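Colleague: Here is my input; please provide its structure:
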Amino acid sequence: MGVSRIGRRRFLREGAAAAATVLMGRRLALAEAEETERAARKPNLVFVFADQWRAQATGYAGDPNAHTPNLDRLASESLCFTRAVAGCPVCSPYRASLLTGQYPLTHGVFLNDVRLSSGRAVSIADVYNAAGYHTAYIGKWHLDGSNRGAFIPRERRQGFQFWRGFGCTHNYPNSPYYADDDPAKRTWEGYDAIAQTREAEAYIRQRAGSGPFVLFLSWGPPHNPYGTAPQPCRERFADREIRLRPNVPASLKDRAETDLRGYYAHLAALDECIGALLRTLRETGLEENTLFVFTSDHGDMLFSQGQTRKQRPWDESILVPLLVRCPAVFGTQGRRVNMPVNASDLMPTLLGLSGLKAPDTVEGTDFSRVLRAGSEPGDGAALIACYAPFGEWTRQMGGREYRGVRTARYTYVRTLEGPWLLYDNQADPYQQENLCSRPEHAGLQAELDRLLSRKLEETRDKFLPADEYIRQWGYKVDSSGTVPCVS
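Modeller: Numbering: from 1, shown residues only. From the prediction side, this is the model:
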């Protein structure tokens, strides 16, 4: 009797274990099937980027002046990169790195108003096209040379199929563009960012149910001129007290407040556009499986450090907002990502998140796996550089060649003459105390200098004077180092 009872218990235990094994197998098979199904459901990509929107200027980043409720909600559901870096913080170089995944000395666009070659790299649109995506570009291009107003033919669009683009203009109320293969110049109705957003919404609605797509939407604002945002947005900030960053000199207070009122008005207008795009994705049922990215090509000093515009190595110039949302991949619980990422990393990372392999021409890092895992590896540094000062940062204005690294905590920069800047951004978030060449920080400086040297070796950057690179690439510049522009 006892043996029979023991045998029955063993039978039950073994039966339960077998059932558990079968159940686990079914769960694994189901998980594999779901993963296969997700891979088959290629995610769409909507990549939205502004011109000259610095990372600090959003509500979610703590700016008391910014009115960005739509971006703030988006940030609560996104990977929120706190140290996204525009490695060469000026328009054309960033855009070329974005589309090719290469550093400026490789793709050759280290100045504004030079043309990005179609034969030196495989573009992000080329990769998505080959994977069966439809690709679209709307807005500012700024990669076709010195004639900013010229028609850009299909073979110079880096593979984008649908086209509503223009070289470069910042006349936002009277902004021209070209459509597909029609060389007749058209004009956006009203404030161009709003009209471009409507065009993007129409494209999304048209593509819904027609296969995966990639849409790049490139806005001109908040780049100066600052006083041309829609009137309701300007009125919001007309009499509002503006709280300046502590690193704005008191002598520049009035000028800074004037420019910042216009700047924040542009941001408010673009925030409404973000809201419209997100509503369209939700209404079309595309929200779940769409990678939605918001960022900028570089920042804006706006009188911090007594400086204006971009190209400079300070955080107001090099750091940009970067939000990445895809509920199907990351869910909707927002997460801060503190590791530095560079412009050249965006292409391989987006391809990785889409299940696509980056081409061999890419130099940036694919962070898709670590983002899925929630980890933050790597050397923790992004390369920052000015290869040739020009335009709004000429030598007469203090412009100079530099190379540097922005880590999660530190900024270190050297010029051709030697070490220049060293900031502890944790202890000194407004970069008001330069620690460079102080004996008590010699060990830290040496460590960061070695890190910078490794970065330069990895990118085959010999850190030569600007004239040498300009000569190598055959560019024609004026006495200020600027490529003369044809409007």
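
Colleague: Do you have the helices of this protein handy? List them.
Modeller: 2-40, 69-76, 91-100, 104-107, 124-130, 192-207, 231-238, 253-283, 315-318, 327-330, 343-353, 368-373, 442-458, 466-473 (DSSP state H).

Colleague: Contacts for the fifth one, please.
Modeller: Outside of helix 124-130, the residues that reach it under the criterion CB atoms under 8 Å, 6 or more residues apart in numbering are 45, 98-101, 135, 137, 157-161, 214, 347, 350-351, 354, 356, 358-359. Where you see a C-beta, it was placed from the backbone N, CA and C, and this is true even at glycine.

Colleague: Just give me the longest strand of this structure.
Modeller: Using DSSP state E to define each element, the chain has its longest strand at strand 213-222.

Colleague: What about residue 433, how many residues nearby?
Modeller: Residue 433: 11 surrounding residues under other CB atoms under 10 Å.

Colleague: The residue nearest to it when sequence neighbours are not counted bridge partners, please.
Modeller: Distances taken as CB to CB, 6 or more residues apart in numbering place residue 423 nearest to residue 433, at 7.3 Å, with adjacent residues excluded. Counting by DSSP bridges, residue 423 is bridged to residue 411.

Colleague: do you know how far residue 73 is from residue 306?
Modeller: According to CB to CB, to the nearest Å, residue 73 stands 35 Å off from residue 306.

Colleague: Next: residue 126.
Modeller: 43 Å.

Colleague: Could you check which of the two has the larger neighbour count?
Modeller: Legend: neighbour count by other CB under 10 Å for residue 126 and residue 306, higher for residue 126 (18 against 13).

Colleague: Show residues contacting stretch 451-463.
Modeller: So stretch 451-463 is in contact with 103, 105-106, 363, 379, 381, 383, 385, 401, 403-405, 407, 412, 414, 416, going by CB under 8 Å, 6+ apart.

Colleague: can you do 6 Å?
Modeller: Outside stretch 451-463, the residues within contact range by CB atoms under 6 Å, 6 or more residues apart in numbering are 103, 105, 381, 383, 403, 405.

Colleague: Among those, which are located in strands?
Modeller: Per DSSP E, those map to strands at 381, 383, 403, 405.

Colleague: Contact partners for the first one?
Modeller: Residue 381 is in contact with 340, 405, 407, 451, counting by CB under 6 Å, 6+ apart.

Colleague: any chance of those residues in TSV, plus pLDDT and neighbour count?
Modeller: Shown next, in TSV, are the contacts of residue 381 (pLDDT from 0 to 100; neighbours: other CB atoms under 10 Å):
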residue	pLDDT	neighbour count
340	96	26
405	98	25
407	97	17
451	97	18
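
Colleague: pLDDT at residue 345, what is it?
Modeller: Confidence at residue 345, expressed as pLDDT, is 97.

Colleague: which residues does it contact?
Modeller: Residue 345 is in contact with 364-365, counting by CB under 6 Å, 6+ apart.

Colleague: Residue numbering should commence at 264 henceforth.
Modeller: With 264 as the first residue, the last one maps to residue 608.

Colleague: re earlier: the helices of the chain: which one's closest to residue 484?
Modeller: helix 516-546 (4.0 Å; CB to CB).

Colleague: mind listing the strands for the stretch 314-463 of the chain?
Modeller: Here the stretch 314-463 of the chain has its strands, by DSSP state E, counting those that start in this stretch, at 342-348, 397-403, 425-429, 439-442, 445-450.

Colleague: mind giving me the domain split of this protein?
Modeller: Partitioning the chain according to automatic domain parsing yields domains covering residues 306-642, 648-736.

Colleague: Residue 749 is nearest to which of the ones you listed?
Modeller: That would be, of those and by CB to CB, domain 306-642, which comes in at 4.3 Å.

Colleague: ok, residue 690 - how many residues close by?
Modeller: 9.

Colleague: how near is it to residue 511?
Modeller: 20 Å.

Colleague: list the contacts for residue 570?
Modeller: Going by CB under 6 Å, 6+ apart, residue 570 touches residue 564.

Colleague: List phi and psi for it.
Modeller: phi -110, psi 160 (degrees, to the nearest 10).

Colleague: next one: the one 4 residues further on
Modeller: Residue 574 has phi and psi values of phi 80, psi -20 when expressed as degrees, to the nearest 10.

Colleague: per-residue pLDDT, it?
Modeller: 98.

Colleague: cool, and residue 303?
Modeller: 51.

Colleague: low-scoring stretches of this protein, by residue?
Modeller: 264-303, 640-641, 750 (pLDDT under 70).

Colleague: Identify the bridge partners of the residue nearest the centre of it.
Modeller: Nearest residue to the geometric centre of the chain (CA atoms, centre = their mean): residue 558, 4.2 Å. In this entry, residue 558 is beta-bridged to residue 312, residue 585, by DSSP bridges.

Colleague: Good, wrapping up.
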